[in-house]
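Enquirer: The following block contains a protein sequence and its predicted model.
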Amino acid sequence: MDLFKVYKLWDIEPVRGLDTTLWDADGVEYTDLYGGHAVISVGHCHPHYVKAVTAQLEKLGFYSNAVQNSLQKELACKLGKASGYDDYSLFLCNSGAEANENAMKLASFQTGRSKVLAFGKAFHGRTSGAVAVTDNPRIQSPFNATDHVKFAPLNDADAVEKELRTGEYAAVIIEGIQGVAGIHEPSDGFLIYLRELCDKTGTVLILDEIQSGYGRTGKFFAHQHSGIRADIVTTAKGMANGFPIGGVLISPAFKAEYGMLGTTFGGNHLACAAAIAVLEIMENEHLVENAARIGEYFRQALCPDGHPIHPIKEYRGRGLMIGLELKDGYEDLRNRLLFEKHFFTGAAGSNVIRLLPSLTISEETASRFVLAMTGLASVH
């Protein structure tokens, strides 16, 4: 049997990691500025994380949600305190897509409505409902087709108002920052208006913070830069530093009923131990603040006084969620960064480099990337 080949793979296999460094089987060293799609939030193999997961595995790795699990309650308490959503409830699942599925289901239960408004270029996952609110026909099969979803342009207040005024929508789902689209932000003013409009129309506001959350932008969740609160917040990627977990933060206005949501693996003992360790590391090492500080360093170094350095056309993002839109002719720069300078980065489309490093990244590591970027550009 072979693998079902749906991924485009680099000819590199990391076999060991430490903080923001990876090594392949030949001992070649790489700097990881992508964290496996923003998953590695506290660095590879952080000692506290390894100790916590190992200790839990030695006691109990798994039991179902048919029994008490005090680790779930500890995680909910720590997450509430860290995020400022301490009066919300937490439902634990396995992934970001699953978190979004459950968020939209809750909104439909709460309102009795079936329609969801999403945004152009959105990405919310690859399960059925999540695909339906993802603006990418390439990943939508005929099975995913639905007339329950409409898309509006991001930051277009008039288009949103036109839809929501009908009173037909259960929810609006929006990313704190659009990641797969190439790092596009909803403006603070747009989020404030969206919050007001959802209140007026009885529509549930879902903030998808799966990639943009967990301290990445210098706030715990990206939407908190605007000062609003969502009815439901979804999270996943950086939540357990590589161990699969997802979470749905749910407003007190929602009342739980037996059986309305469920999961086999969600909130298992190992996942909770990993997620608790992540929050402890984030607090002890002030990683949200570090994300803001190093993010500002990147901005000043790569876009001094608001003018991007060559070959960058536009610098986008907040904190350590960065999109570098390149000028025409530089589509190969990401390849050269990897194979010549040994930096892992992400991409969006053919001309955007995405930087999503661990929140532990140092200024020294950030400066080495800036030097590599400018050096490659100068000889291109």
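Expert: Alright, I've got the coordinates.

Enquirer: use CA for all of it now, contacts and neighbours both
Expert: Noted.

Enquirer: Now the terminal residues of stretch 247-263, how far apart.
Expert: 12 Å (C-alpha to C-alpha, to the nearest Å).

Enquirer: In it, which of the residues would be classed as buried?
Expert: Neighbour-count burial for stretch 247-263, counted by 16 or more other C-alpha atoms under 10 Å, picks out 247, 248, 249, 250, 251.

Enquirer: So the residue nearest the centre of the chain, which state does it fall into?
Expert: For the chain, the residue nearest the mean C-alpha position is residue 211 (0.8 Å; C-alpha atoms, centre = their mean). With DSSP: H, G, I helix; E, B strand; the rest coil as the basis, residue 211 sits in coil.

Enquirer: Please name the residues that touch it.
Expert: 37, 38, 177, 179, 235, 236, 237, 238 (C-alpha atoms under 8 Å, 6 or more residues apart in numbering).

Enquirer: can you confirm residue 131 is in a strand?
Expert: No: assessed with three-state DSSP, residue 131 is helix; it does not lie in a strand.

Enquirer: is it true that residue 150 touches residue 122?
Expert: No: look at residue 150 against residue 122 with C-alpha atoms under 8 Å: they stay out of range, at 11.6 Å.

Enquirer: Give me the more crowded residue out of the two.
Expert: residue 122 (24 against 18; other C-alpha atoms under 10 Å).

Enquirer: Okay, now the unreliable bits of this structure?
Expert: 329-331, 378-380 (pLDDT under 70).

Enquirer: At which residues are the helices of it located?
Expert: Remark: helices assigned in the chain by DSSP state H are 35-38, 47-59, 70-83, 96-111, 128-132, 157-164, 188-201, 269-284, 287-302, 333-339, 363-379.

Enquirer: can you redo these as a markdown table with distance to residue 354 and mean neighbour count?
Expert: Listed next are those as a markdown table, based on distance: least, C-alpha to C-alpha, whole Å; neighbours: other C-alpha atoms under 10 Å:
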| stretch | distance to residue 354 | mean neighbour count |
| --- | --- | --- |
| helix 35-38 | 9 | 24 |
| helix 47-59 | 26 | 15 |
| helix 70-83 | 25 | 17 |
| helix 96-111 | 19 | 23 |
| helix 128-132 | 22 | 21 |
| helix 157-164 | 27 | 16 |
| helix 188-201 | 22 | 17 |
| helix 269-284 | 22 | 23 |
| helix 287-302 | 12 | 21 |
| helix 333-339 | 10 | 17 |
| helix 363-379 | 13 | 14 |
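
Enquirer: So which of the buried residues of stretch 247-263 sit within strands?
Expert: Residues of those located in strands (DSSP state E): 247, 248, 249, 250.

Enquirer: Contacts only, for residue 13.
Expert: Applying C-alpha under 8 Å, 6+ apart, the residues contacting residue 13 are 24, 25.

Enquirer: Try it again at 10 Å.
Expert: 22, 23, 24, 25, 26 (C-alpha atoms under 10 Å, 6 or more residues apart in numbering).

Enquirer: Can you give the domain ranges for this protein?
Expert: 14-46+286-379, 47-284 (automatic domain parsing).

Enquirer: Would you mind giving those as JSON lines with distance to residue 4 added?
Expert: Shown next, in JSON lines, are the domains of the chain (distance: least, C-alpha to C-alpha, whole Å):
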{"stretch": "domain 14-46+286-379", "distance to residue 4": "20"}
{"stretch": "domain 47-284", "distance to residue 4": "16"}
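
Enquirer: Got the phi and psi for the residue nearest to residue 213 when sequence neighbours are not counted?
Expert: With sequence-adjacent residues excluded and distances taken as C-alpha to C-alpha, 6 or more residues apart in numbering, residue 213 is closest to residue 221, at 4.3 Å. When quoted as degrees, to the nearest 10, the phi and psi of residue 221 stand at phi -120, psi 140.

Enquirer: Next, count neighbours for residue 221.
Expert: That count, for residue 221 with other C-alpha under 10 Å as the rule, works out to 25.

Enquirer: same question, the one 5 residues further on
Expert: Applying other C-alpha under 10 Å, we find 14 other residues in the vicinity of residue 226.
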